[in-house]
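Participant: Sequence first, predicted model second:
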Amino acid sequence: MAFWNRRRSIDVMTAPHDGPRLKPTLSWPHLLALGVGAIVGTGILTLIGVGAGLAGPAVLISFGLAGLVCVCAALAYAELSTIMPTAGSAYTYSYAVLGEMIAWVVGWSLILEYSLVVSAVAVGWSGYAVGFLTGLGVDLPAVLTAGPHAGGIINLPAVAIIGVVTGLLLLGTKESATLNAVLVVIKIAALVVFVAIALPAFKPENFTPFMPNGFGAPFVQTGVMAAAAIIFFAFYGFDAISTAAEETKKPERDLAIGIIGSMLVCTALYLVVAAAAIGARPVSDFADSPEPLALILRQMGQGTAAQWIAAAAVIALPTVLLAFLFGQSRIFLGMARDGLLPRRLAKVSARGVPAVVTVFTAVVVAILAGLLPLDELASLANAGTLAAFCAVGVCLIVLRIREPGRRRVFKAPLWPLVGAVTVIGCVVFFLSLKPVTQIGFVVWNGVGVLIYLAWSSRNSRLAKGEEEAA
């Protein structure tokens, strides 16, 4: 077997080992809250405006399309995560099914995804935090609330919130997951309040013209498909649940509940919130706002409610940061344990937390959040996610064909269709992203492949014979 397609054995991967282990402290309510906490965030609170600007009221269709692809991806994740309940998510599945080099590309793409998601959410949080403080009469210096692209020096609130969330993660997995569950309840309550206030002001004429920029197509940067490619950012987060597989008490049951349950809850919530927002105000009124839901309420004369929405966003958006910083550190951990990254990154603290990679990740994403704009971060993050989801769809199909008799606690229904929709949808969404985003993704992975060929391919556990290949 060539170095580039050598595969890890699923049986060896899931067998007990003497290396650094994470403590199994999570159950399905923690996972469900982790998923909802990761999914409901900047996507609905901020990017709904960006998506509406691209598609008009037809952004509802964009939400539906993005949700369909993500539901199929979630089903694939649910099946694979119960077969391979170890830290690493799509990277781990690809290593066992598709081979080492593709696994590296997927892992490298996940590093891009998680790093940029955390950065983008921190920037979105900063927009709500600054608006909230302004409502209280506190005006922060403009040069400290925006990066160089907007005439500032650094987005200091975005950097600060990453530091706070990192501290929570270092306390321990169960402690941070419990706090996450409390904050998720606050966030959901805020969206319910928004819908309750906005629906009485519903005006059907705000949905005309329904599709002003057309449906769109690959390589076209406006329309429903272009909006779906960006709004896709609003749905993923359930993949962070799969990175917690090793820390789950009953992964064979709880992972599927967490992944699929969080997707169903969030898809329904998103469609209702988007419809209420567009019905309350014309799309043009909030398309460019960094805090569209709060702006809509202010325009309706509901200043107090807008302040409460902003407050809820300030309090609860860090749940997204927590979920993705959590996931990012577990991806690093999996790659380091396999020898594809320096093994000292796999060190686990006395609290059962991969402290070294958590701090390292936090430093990188804080720099990105402090200097880059939201839309560019979200777009490039989507490219990494689409690559990972596409790989998971392929893994589902290949493993079903290669090992039809392997025990599957959860089986994705209509698996050929689920896998095909995941793969085709991700490819179409990728082609609908901006050319600069596509080029950036290719460059990132080009650098990654060079690193793999120069170092990782020679230092992996399989390369050194420390583990028997499949």
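Facilitator: On my side now, so go ahead.
Participant: Please count neighbours and contacts with C-alpha atoms only from this point.
Facilitator: Noted.
Participant: show me what contacts residue 330?
Facilitator: Residues in contact with residue 330 (Cα atoms under 8 Å, 6 or more residues apart in numbering) are 87-88, 243-244, 354.
Participant: One more: residue 52?
Facilitator: 58-59, 227, 283, 287.
Participant: Sticking with it, tell me its helix or strand.
Facilitator: helix 47-55 (DSSP states H and E).
Participant: Which positions in that helix come out as buried?
Facilitator: Under the neighbour-count criterion of 16 or more other Cα atoms under 10 Å, helix 47-55 has 47-55 buried.
Participant: Mind checking what helix or strand follows that helix in sequence?
Facilitator: Next along from helix 47-55, by DSSP H and E: helix 59-83.
Participant: Just want the angle from that following helix to helix 47-55.
Facilitator: With axes from the mean of the first three to the mean of the last three Cα atoms, to 10 degrees as the basis, helix 59-83 and helix 47-55 are set at 120 degrees to each other.
Participant: what mean pLDDT does helix 59-83 have?
Facilitator: Across helix 59-83, pLDDT averages out at 90.
Participant: in the chain, which ranges drop under the pLDDT threshold?
Facilitator: Across the chain, the ranges flagged by pLDDT under 70 are 1, 16-22, 41-43, 45-46, 172-177, 217-219, 352, 373-379.
Participant: was I right about residue 279 contacting residue 206?
Facilitator: Yes: look at residue 279 against residue 206 with Cα atoms under 8 Å: they come within range, at 5.8 Å.
Participant: Mind checking which of those two has more residues around it?
Facilitator: For residue 279 versus residue 206, neighbours defined as other Cα atoms under 10 Å are more numerous around residue 279 (21 against 18).
Participant: now the strand or helix carrying that one, how far from the centre of its chain.
Facilitator: Assigned by DSSP H and E, residue 279 belongs to helix 251-280. Computed by Cα atoms, centre = their mean, to the nearest Å, the chain-centroid distance of helix 251-280 equals 14 Å.
Participant: tell me which residues of that helix are tucked away?
Facilitator: Using 16+ other Cα under 10 Å as the test for burial, helix 251-280 gives 251-263, 266-267, 269-280.
Participant: cool, stretch 386-402 as well?
Facilitator: 386-399.
Participant: any chance of those in CSV, plus secondary structure?
Facilitator: Listed next are these as CSV, based on DSSP: H, G, I helix; E, B strand; the rest coil:
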residue, secondary structure
386, helix
387, helix
388, helix
389, helix
390, helix
391, helix
392, helix
393, helix
394, helix
395, helix
396, helix
397, helix
398, helix
399, helix
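Participant: export those residues to CSV and tack on distance to residue 186?
Facilitator: Listed next are those as CSV, based on distance: Cα to Cα, whole Å:
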residue, distance to residue 186
386, 30
387, 32
388, 30
389, 29
390, 33
391, 34
392, 32
393, 34
394, 37
395, 37
396, 36
397, 39
398, 41
399, 40
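Participant: Between the contacts of residue 52, which sits nearest residue 128?
Facilitator: The closest of the contacts of residue 52 to residue 128 turns out to be residue 287 (Cα to Cα; 15.4 Å).
Participant: re earlier: quick one: which of the contacts of residue 330 is nearest residue 168?
Facilitator: The closest of the contacts of residue 330 to residue 168 turns out to be residue 354 (Cα to Cα; 12.9 Å).
Participant: what's around that closest one, how many residues?
Facilitator: 25.
Participant: which residues touch the most centrally placed residue in the chain?
Facilitator: Centroid check for the chain by Cα atoms, centre = their mean gives residue 237 as the closest residue, at 3.8 Å. By Cα under 8 Å, 6+ apart, the contact list for residue 237 reads 35-36, 38-39, 323-324.
Participant: What about the residues you listed, which are in helices?
Facilitator: Among those, the ones falling in helices (DSSP state H) are 35-36, 38-39, 323-324.
Participant: and the residues you listed, which two are the farthest apart?
Facilitator: Greatest spatial distance in the ones in helices among the contacts of residue 237: 36 and 324, 11.9 Å, computed using Cα to Cα.
Participant: and the gap between the residue lying closest to residue 392 once chain neighbours are set aside and residue 384?
Facilitator: The shortest distance from residue 392 to any non-neighbouring residue, by Cα to Cα, 6 or more residues apart in numbering, is to residue 90 (6.0 Å). Relative to residue 384, residue 90 is positioned 11 Å away (Cα to Cα, to the nearest Å).
Participant: how close does the residue nearest to residue 235 when sequence neighbours are not counted sit to residue 264?
Facilitator: Ranked by Cα to Cα, 6+ apart and with sequence neighbours excluded, the top spatial neighbour of residue 235 is residue 39, at 5.3 Å. Distance, residue 39 to residue 264, using Cα to Cα: 11 Å.
Participant: Check residue 412 too.
Facilitator: Separation of residue 412 from residue 264 (Cα to Cα): 15 Å.
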